[in-house]
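Undergrad: The sequence isn't on hand, but the structure is:
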């Protein structure tokens, strides 16, 4: 936000897949902005583009295996439940690593000179989701 030579209510959001601008006064949002600063060529962004979808696929596999492993709610869960816990733990780590790395490198990533950088909700939700997934994996 506070990009020089731009309206004061203009906010640019840089995600791992798209760059959007939004006017906060009117909520006019325009996505598909050109990557003039080479943001998508940065290593933390490229790593996040690979690891986040991998984490989602691994989560689906873990949930499917967990459903099969605890299906009958027996006194002793099946071995599949333990495997599902391990898969969900790994999936949580796969999403926690890029979120942490991105946050660590946030102020080194390209942004318009003189602008103000802030952490967005998606990064906070990524942390929360990753931690809950790790805890769920440990629980299984």
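TA: Looks like it came in fine. Keep in mind the model is a prediction, meaning the values are calculated, not measured.

Undergrad: C-alpha only now, for contacts and for neighbours.
TA: Fine.

Undergrad: Report how many residues lie close to residue 9.
TA: Look at residue 9: counted by other Cα atoms under 10 Å, it has 14 neighbours.

Undergrad: I'd like to know how far it sits from residue 81.
TA: 50 Å (Cα to Cα, to the nearest Å).

Undergrad: So which residue is dead centre in the protein?
TA: Centroid-nearest residue in the chain: residue 126, 4.5 Å away (criterion: Cα atoms, centre = their mean).

Undergrad: Where does that residue fall, secondary structure wise?
TA: helix 121-139 (DSSP states H and E).

Undergrad: For that helix, enumerate the helices and strands it packs against.
TA: Secondary-structure packing of helix 121-139 (3 or more Cα pairs under 8 Å, 6 or more residues apart in numbering; DSSP states H and E): helix 79-104.

Undergrad: What residues of the helix it packs on count as buried?
TA: 80-99, 102-103 (16 or more other Cα atoms under 10 Å).

Undergrad: same check, this time on stretch 35-48
TA: For stretch 35-48, by 16+ other Cα under 10 Å, it's 39-40, 44-45, 47-48.

Undergrad: in the chain, what spans have low per-residue confidence?
TA: Applying pLDDT under 70 to the chain picks out residues 71-77.

Undergrad: Now do residue 33: how many residues are near it, please.
TA: 13.

Undergrad: where does the spatially closest residue to it that is not a sequence neighbour sit relative to residue 66, distance-wise?
TA: Among residues not flanking residue 33 along the chain, residue 19 sits closest, at 5.3 Å (Cα to Cα, 6 or more residues apart in numbering). Relative to residue 66, residue 19 is positioned 36 Å away (Cα to Cα).
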